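Chemist: Fold the following for me, if possible:
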Amino acid sequence: MSPGTRAAVISGRMLPELVRVADVDPDLLLTGFVHGEPDEPALDRRLAEAEVLLTGWGCPPLDAEALGRMPRLRAVVHAAGSVKHHVTEACWERGLLVSSAAAANAVPVAEYTLAAILFANKRVLESAHAYRAARAPIDPLRRYPTVGNYHRTIGIVGASLIGRRVMELLRPFDLRVLVHDPYADPGELTALGGEACALDELLRRSDVVSLHAPALPQTRHLLDAARLALMPDGATLVNTARGSLVDTVALTEELVAGRLHAVLDHTEPEVLPAGSPLFNLPNVLLTPHVAGSLGGELDRLAATAVEELERYALGLDFRYAVDRGRLAYSA
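Modeler: Residues are numbered from 1 along each chain as shown. Just a heads-up that it's a prediction; the model follows:
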């Protein structure tokens, strides 16, 4: 992992737990696997002895050359979400066991999404702007006669780990939940409290649409101009997934016109141009990729990884094993 990841994730609070369950040198941080690293003989010896890699953000690809230096390697435990950036076909061909803390990272993203949904239906952002502009009493009953969360319809696009967690968090509220996921079992979605739905129908019926699909070639601009036009006037789009799922130009037109609202933690490009009108619109909340694990939430990632290491040491299956077959249509 990168030095910044090590400092953030393997904190002083979690390092004793890591040392407790694993035979690890707490001072060793590996940032690459290529020849030419400093102190190469010592590094070669360490790699040759390694049975498990604890990885994080910034891990380079585990290709055939890298694996050739680790003949005893049996498992990769990733203290973050997606493993697509470093777990290669060579890893699966070797038969490595792979675990990910994606389920742990799903928790804060789902919490952010829940807050965004409830605030969107209550028109919190819009009323705050109006109050700031007026600096005087405003009449919310007159301004927002139809707002609120009672019997509103929420559309979840993608029954991913995060999408399912959002559905769980929505259960206590008087909300209807529609779900679109071409790979999910409709019966399972019903058990989770949602109604399986075609994407276009979901867009037409939802007061809030929340995106939880992966960034894949087939999901690029999943919400293009035509699909955004299906959303009802005043509906809100929440994107905590990836910016590439939405046509930014088409969304900007809808938001500038004031027809739609948006809560965007991801955009395309990831940082919008300084002149983008989305920074100043009263119907848009832009956040700089903060929905995922930050601060103390990073301890949850480390704790999950340490628990997986302990399960491996005890000869138990990983609780959060990565399914190679699902990687083609997951994050």
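
Chemist: show me where the stretch 1-150 of the chain has helices.
Modeler: Under the criterion DSSP state H, counting those that start in this stretch, the stretch 1-150 of the chain contains helices at 3-9, 15-21, 40-49, 64-68, 89-94, 102-121, 124-134, 140-143.

Chemist: Could you check how far residue 213 is from residue 180?
Modeler: Residue 213 sits 9 Å away from residue 180, going by C-beta to C-beta, to the nearest Å. All C-beta spots, glycine's among them, are computed from the backbone N, C-alpha and C.

Chemist: most neighbours per residue, which of the helices of the stretch 1-150 of the chain?
Modeler: Looking across the helices of the stretch 1-150 of the chain with neighbours counted as mean count of other C-beta atoms under 10 Å, the highest average goes to helix 102-121: a mean of 22.

Chemist: Going by contacts, tell me the helices and strands next to it.
Modeler: helix 161-170, strand 208-211, strand 236-239, strand 261-264, helix 298-313 (3 or more C-beta pairs under 8 Å, 6 or more residues apart in numbering; DSSP states H and E).

Chemist: Go through the ones you listed and name the closest to residue 12.
Modeler: Nearest of those to residue 12, taken as C-beta to C-beta: helix 298-313 at 10.5 Å.

Chemist: Need the contact partners of the closest one.
Modeler: Contact partners of helix 298-313, identified using C-beta atoms under 8 Å, 6 or more residues apart in numbering, comprise 8-11, 13-14, 17-18, 21-22, 52, 54, 75, 77-80, 97, 99, 101, 103-105, 107, 293, 317-320.

Chemist: I'd like the helices of the stretch 1-150 of the chain laid out as TSV, including mean pLDDT.
Modeler: Written out in TSV, the entries for those read as follows (pLDDT from 0 to 100):
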stretch	mean pLDDT
helix 3-9	92
helix 15-21	92
helix 40-49	84
helix 64-68	93
helix 89-94	96
helix 102-121	97
helix 124-134	91
helix 140-143	88
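
Chemist: These: which one's closest to residue 270?
Modeler: When the helices of the stretch 1-150 of the chain are compared (using C-beta to C-beta), the closest one is helix 102-121, at 16.0 Å.

Chemist: re earlier: and the helices and strands packed on helix 102-121 as TSV, adding distance to residue 197?
Modeler: Formatted as TSV, the entries for the helices and strands packed on helix 102-121 read as follows, by distance: least, C-beta to C-beta, whole Å:
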stretch	distance to residue 197
helix 161-170	13
strand 208-211	11
strand 236-239	16
strand 261-264	21
helix 298-313	32
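
Chemist: Turn these into a markdown table, including mean neighbour count and mean pLDDT.
Modeler: Formatted as a markdown table, the helices and strands packed on helix 102-121 follow (neighbours: other C-beta atoms under 10 Å; pLDDT from 0 to 100):
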| stretch | mean neighbour count | mean pLDDT |
| --- | --- | --- |
| helix 161-170 | 22 | 96 |
| strand 208-211 | 27 | 98 |
| strand 236-239 | 27 | 98 |
| strand 261-264 | 24 | 98 |
| helix 298-313 | 21 | 96 |
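
Chemist: Compare those and report which one is nearest to residue 134.
Modeler: Across the helices and strands packed on helix 102-121, residue 134 has its closest neighbour in strand 261-264 (19.7 Å, C-beta to C-beta).

Chemist: Which other helices and strands does that closest one contact?
Modeler: Taking 3+ C-beta pairs under 8 Å, 6+ apart as the contact definition, the neighbouring helices and strands of strand 261-264 are helix 102-121, helix 124-134, strand 236-239, helix 248-257, strand 284-286.

Chemist: and for residue 213 and residue 180, which residues touch both?
Modeler: The contact lists of residue 213 and residue 180 share 157-158, where a contact means C-beta under 8 Å, 6+ apart.

Chemist: Pull the number of nearby residues for the nearest residue to residue 44 once chain neighbours are set aside.
Modeler: Spatial nearest neighbour of residue 44, excluding adjacent residues (C-beta to C-beta, 6 or more residues apart in numbering): residue 69 at 6.6 Å. Using other C-beta atoms under 10 Å, residue 69 is surrounded by 16 other residues.

Chemist: Could you do residue 269 as well?
Modeler: Under the neighbour criterion other C-beta under 10 Å, residue 269 is assigned a count of 10.

Chemist: element containing it, please.
Modeler: Taking DSSP states H and E as the criterion, no element holds residue 269; it sits outside all helices and strands.

Chemist: right, and it touches residue 242 too?
Modeler: No - shown here, residue 269 and residue 242 do not form a contact pair, counting by C-beta atoms under 8 Å, at 11.7 Å.

Chemist: how far away is residue 237 from residue 28?
Modeler: Counting by C-beta to C-beta - residue 237 and residue 28 are separated by 45 Å.

Chemist: Same question for residue 301.
Modeler: Here the distance between residue 301 and residue 28 works out to 20 Å (C-beta to C-beta).

Chemist: Make sure residue 202 is indeed in a strand.
Modeler: No - going by DSSP: H, G, I helix; E, B strand; the rest coil, the assignment for residue 202 is helix, not a strand.
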